[in-house]
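> sequence unknown, structure follows:
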């Protein structure tokens, strides 16, 4: 029997941080990934436009017969998860709930920070989700609109990245946070710099990594997980609406995949 | 709207280790618990008898309109999860899959041990589950039939417990394990002694605690989680087929609940 893949969608390369974790935790699963790099960043766009783009990526992957969809982008999750989940017959999950849950589990002081794109922060979904589970939690949110472009331009370890991160996060430094949600799947690429800026006492929550544990739970719950007895090799297919060269550079370094191929696609 | 509870069932008090974690991670959720203490231990019983007893606890809780069922007992999970999950309209989860998943995530050497009751070890379900996800994993199982009676008789911190645990686990000491699954929900009460016996280099996996994270995922996935805006107090109801006094002594100490009431029930 042919293995069906898990579909991952993101505004660009950010969702690769989720894929990296999926390759580690679910080595037998095939993965199809779409990064809408040509229209990245999603953060500053109106919500209904983000929803439209997210549906376009979804339809592209549905045509490839995926068995589950992971909206590996916080902005797209905030804008479109509810709608897409309601309309698809396959399981669909986003990254906001797993990140919220992990933060509640991690905090000791109930002071949780969230950083994300303008769209994610404006949607206020992390705060609503966390407060709906734990009324004692105090949630401080901050939009970091400069972070995604740093990552998409492969500048995420540069000196300029250090400067931008330090300046952007300054307002959070005196909030007494013990937990900070990386509420954008691009941000784990900036993780060392963010950790250094916030200090070791702050636990960083990688919403994408947390999401993979939930993908595994849902696959098992619906008896959709691949059995390792299935000897067919797991496929990893990457599609981008933007430059395949730039995507390849970031993906092959981040995922440490040697034979990675990236296909250019057009959406919309 | 009245809150619906999550139902937990176990052969005795062991599932309280799962409840403790549920109270921490899901403070707003109501919990109904059945411990079949009168017929504990389940470990040495034939599989179809365990399945029958598990169905009896399940029917008792279905009459109380639970919204989800957690089979918080490894022996009962091995014997009855598949059947019960197939037949109920509400979500049902057991403890074996979450424990397996957590062990794969935790191990670095791929040498995983499992301790459990005779029934759980005989079913071989941990090994099958782990190997279906990760063919590189080597799984060593050991039945520990003396552990449950130690816990049920409130002897779990005694000198005799130390001796029994050390003697029982001796065959595992030279297996080079880096991860050991506590494949019985009673065993976390013996955790300090087990950790001391196995040494600090072995990561102990509490299958029950892992299960609660999955309960949370499933509740959210099906939009069944309680919203903290619902001001009704979370209920915690405990039912046992055995001595309410003994159950109360263990439960109130383990859960640190002051106003805990235990009701005696008859099943079968």
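Cool, the structure landed. Only a predicted model underlies this, so the values are computations on that prediction, with no experimental measurement involved.
> What is the end-to-end distance of stretch A:228-246?
One end of stretch A:228-246 sits 33 Å from the other (Cα to Cα, to the nearest Å).
> buried sites along that stretch?
Within stretch A:228-246, the residues that count as buried by 16 or more other Cβ atoms under 10 Å in any protein chain shown are A:228, A:236, A:237, A:238, A:239, A:240, A:241, A:242, A:244, A:246. Quick note: C-beta positions are derived from backbone N, CA and C, even for glycine.
> Return the item of those residues having minimum pLDDT.
Of all the buried residues of stretch A:228-246, residue A:228 carries the smallest pLDDT score, 75.
> picking that back up, and which of the buried residues of stretch A:228-246 is nearest residue B:219?
Nearest to residue B:219 out of the buried residues of stretch A:228-246 is residue A:228 (Cβ to Cβ; 29.0 Å).
> The buried residues of stretch A:228-246 into CSV, with extra columns for distance to residue B:208?
Compiled in CSV, those are given as follows (distance: Cβ to Cβ, whole Å):
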residue, distance to residue B:208
A:228, 26
A:236, 35
A:237, 38
A:238, 39
A:239, 41
A:240, 43
A:241, 45
A:242, 46
A:244, 47
A:246, 46
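> Sort out which of those are in helices and list them.
A:244, A:246 (DSSP state H).
> I'd like to know which of the buried residues of stretch A:228-246 are part of strands.
Residues of the buried residues of stretch A:228-246 located in strands (DSSP state E): A:236, A:237, A:238, A:239, A:240.
> pretty sure the third one is touching residue A:257, no?
No. Counting by Cβ atoms under 8 Å, residue A:257 is not a contact partner of residue A:238; they are 9.2 Å apart.
> got any residues that touch both of those two?
Contact with both residue A:238 and residue A:257 is made by residues residue A:251, according to Cβ atoms under 8 Å, 6 or more residues apart in numbering or on different chains.
> Any residues of chain A in contact with chain B? List them.
Proximity of chain A to chain B (Cβ under 8 Å from any Cβ of the partner chain) is limited to residues A:25-28, A:91, A:93, A:97-98, A:101, A:104-105, A:131-135, A:213-214, A:216-218, A:220-221, A:225, A:227-229.
> What subset of the residues you listed is buried?
Counted by 16+ other Cβ under 10 Å, the residues of chain A next to chain B give A:25-26, A:28, A:91, A:93, A:97-98, A:101, A:104, A:131-134, A:213-214, A:216-218, A:220-221, A:225, A:228 as buried.
> Next, check those against the helices and list the overlap.
Checking those against DSSP H, those in helices are A:25, A:97-98, A:101, A:104, A:131-133, A:213-214, A:216-218, A:220-221.
> on that earlier part again, ok, so of the buried residues of stretch A:228-246, who is nearest chain B?
Nearest to chain B among the buried residues of stretch A:228-246 is residue A:228, at 4.6 Å by Cβ to the nearest Cβ.
> Contacts only, for the closest one.
Residue A:228 touches A:28, B:131, B:132, B:133, B:134, B:135, counting by Cβ under 8 Å, 6+ apart.
> Spatially nearest residue to the third one, not counting backbone neighbours?
Right, the one you point to is residue B:132. Leaving aside its sequence neighbours, residue B:132 sits nearest to residue A:227 (Cβ to Cβ, 6 or more residues apart in numbering or on different chains; 4.9 Å).
> So that neighbour is in contact with residue B:135, correct?
No. Judged on Cβ under 8 Å, residue A:227 makes no contact with residue B:135 at a distance of 10.0 Å.
> Help me confirm that residue A:243 comes into contact with residue A:37.
Yes. Between residue A:243 and residue A:37 there is a contact at 6.8 Å, judged by Cβ under 8 Å.
> what about the helices in chain A?
Using DSSP H, helices in chain A cover A:16-25, A:47-62, A:74-87, A:96-106, A:118-123, A:125-133, A:147-152, A:159-169, A:191-198, A:207-221, A:244-255.
> Could you take these and lay them out as CSV, with extra columns for distance to residue B:146?
Formatted as CSV, these follow (distance: least, Cβ to Cβ, whole Å):
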stretch, distance to residue B:146
helix A:16-25, 35
helix A:47-62, 53
helix A:74-87, 48
helix A:96-106, 33
helix A:118-123, 53
helix A:125-133, 40
helix A:147-152, 55
helix A:159-169, 54
helix A:191-198, 46
helix A:207-221, 32
helix A:244-255, 48
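> Between these, which one is closest to residue B:83.
The nearest among the helices of chain A, by Cβ to Cβ, is helix A:207-221 at 16.1 Å.
> Quick check: residue A:234 vs residue A:244, distance?
22 Å (Cβ to Cβ, to the nearest Å).
> Same question for residue A:226.
28 Å.
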